[in-house]
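Colleague: sequence and predicted structure are below.
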Amino acid sequence: MIFQEKQTIPSEIWSMSNLTHLALYDLDLHGTIVGEGLANLSNLELLKFDGNQISGSIPTEIGLLTALQSFNMENNNLYGTLPSELGILTKLQYLMLGGNVNLGGEFPTELHQLSKIVTLDLLRTDVWGNLDPLCDAVD
């Protein structure tokens, strides 16, 4: 696929059910993450959309990506709160959401179960709360 400036996320991506790595970063992509489409990507291990213009909230369907190890949506225009369904992702090692200044709310207690987390980036967000239980849970 060839991308030009101010393109949206190609709808074809959401039907590529065998994908394990999806890295579309620094492309000035606009649009939202489609929850129903995200659910089709159950084999996904890496989702990297950082440095774009993606807006909207993180869909709860993120919890269906049980193979996901790296989720990087830094420096976009995400808003809302972190979905508790992120806590289902027991293989998740990298959760990078920094630079989404309208992403906020309390850090969900369900995320305290992410024992494989190596990198958690919430800089320049409005997410707050106690991370001590998460630190205690890390392998």
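Modeller: Yes, it's here. Numbers count the residues shown, from 1 in each chain.

Colleague: CA atoms for contacts and neighbours, from now on please.
Modeller: Will do.

Colleague: in the protein, which spans are strands?
Modeller: 21-23, 30-31, 46-48, 53-56, 70-72, 77-81, 94-96, 102-106, 119-121, 126-128 (DSSP state E).

Colleague: which helices and strands sit right next to the fourth one?
Modeller: Counting contacts by 3 or more CA pairs under 8 Å, 6 or more residues apart in numbering; DSSP states H and E, the secondary-structure elements packed against strand 53-56 are strand 30-31, strand 77-81.

Colleague: right, so of those, which gets closest to Ile117?
Modeller: strand 77-81 (19.2 Å; CA to CA).

Colleague: what residues does the helix or strand bottoming out on mean pLDDT in the chain touch?
Modeller: When the helices and strands of the chain are compared on mean pLDDT, DSSP states H and E, helix 132-137 comes out lowest with a mean of 80. The contact list for helix 132-137, computed with CA atoms under 8 Å, 6 or more residues apart in numbering, reads 111-115.

Colleague: one more time with 10 Å, if that's ok
Modeller: Residues outside helix 132-137 that contact it (CA atoms under 10 Å, 6 or more residues apart in numbering) are 109-117.

Colleague: where in the chain is pLDDT low?
Modeller: Scanning the chain with the threshold set as pLDDT under 70 gives 1-6, 139.

Colleague: quick one on the thing from earlier: buried stuff in the least confident helix or strand of the chain?
Modeller: Leu134 (16 or more other CA atoms under 10 Å).

Colleague: swap in stretch 36-48?
Modeller: Within stretch 36-48, the residues scored as buried using 16+ other CA under 10 Å are 37-48.

Colleague: out of the residues you listed, the closest to Ala23 would be?
Modeller: Relative to Ala23, the closest of the buried residues of stretch 36-48 is Lys48; by CA to CA it sits at 4.5 Å.

Colleague: any idea how far that closest one is from Ala39?
Modeller: Taking CA to CA, to the nearest Å as the measure, Lys48 falls 16 Å from Ala39.
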